[in-house]
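A.B. asks: I would like to see how this sequence folds:
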Amino acid sequence: MNIPEKVKIGGHTLEVIFTNDCDEIEYNAIGKTILGKNLIRINKNYPKSRQEECLLHEIIHNCLYDLKEEQDEAMVERLGTMLYQVIMDNHNMFDI
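C.D. replies: Now for the predicted structure:
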């Protein structure tokens, strides 16, 4: 899976950047969305697989935000993990 420099969600283009400043994210967090800046930050000190899963997690958060749905962190965590597994186990299904 490739982590793009930008991702479009709900008509908004969010920049994806890597950071090693954990204060910019949160303690022990891999990533964070900053809606006011259309920005997704990912901690570059984690393994690539964790970064990829984190991107999906943040995409789910953004989708729920745009849908005006409740943000249940535990559910977003589980959905991100399962979606990542589906994509990695069926990568040829998404060849475009």
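
A.B. asks: mind showing which ranges of the protein have poor pLDDT?
C.D. replies: Applying pLDDT under 70 to the chain flags the ranges 21-28, 95-96.

A.B. asks: what about the residue lying closest to residue 56 once chain neighbours are set aside, how many neighbours?
C.D. replies: Excluding its sequence neighbours, the residue lying closest to residue 56 (Cβ to Cβ, 6 or more residues apart in numbering) is residue 80, at 4.7 Å. For every residue, glycine as well, the C-beta is placed using N, CA and C. Per other Cβ atoms under 10 Å, the neighbour tally for residue 80 reads 20.

A.B. asks: could we number from 9 for the rest of this?
C.D. replies: Taking 9 as the first residue, the last one we looked at is residue 88.

A.B. asks: Give me the residues contacting the strand or helix carrying residue 88.
C.D. replies: Taking DSSP states H and E as the definition, residue 88 sits inside helix 81-97. Applying Cβ atoms under 8 Å, 6 or more residues apart in numbering, the external contacts of helix 81-97 come out as 9, 57, 60, 61, 62, 64, 65, 68, 69, 72, 102.

A.B. asks: in which helix or strand would I find the fifth one?
C.D. replies: Right, the one you point to is residue 62. Secondary-structure element containing residue 62, defined by DSSP H and E: helix 56-74.

A.B. asks: rewinding a little: how close does the residue nearest to residue 64 sit to residue 44?
C.D. replies: Using Cβ to Cβ, to the nearest Å, one gets 22 Å for the distance from residue 88 to residue 44.
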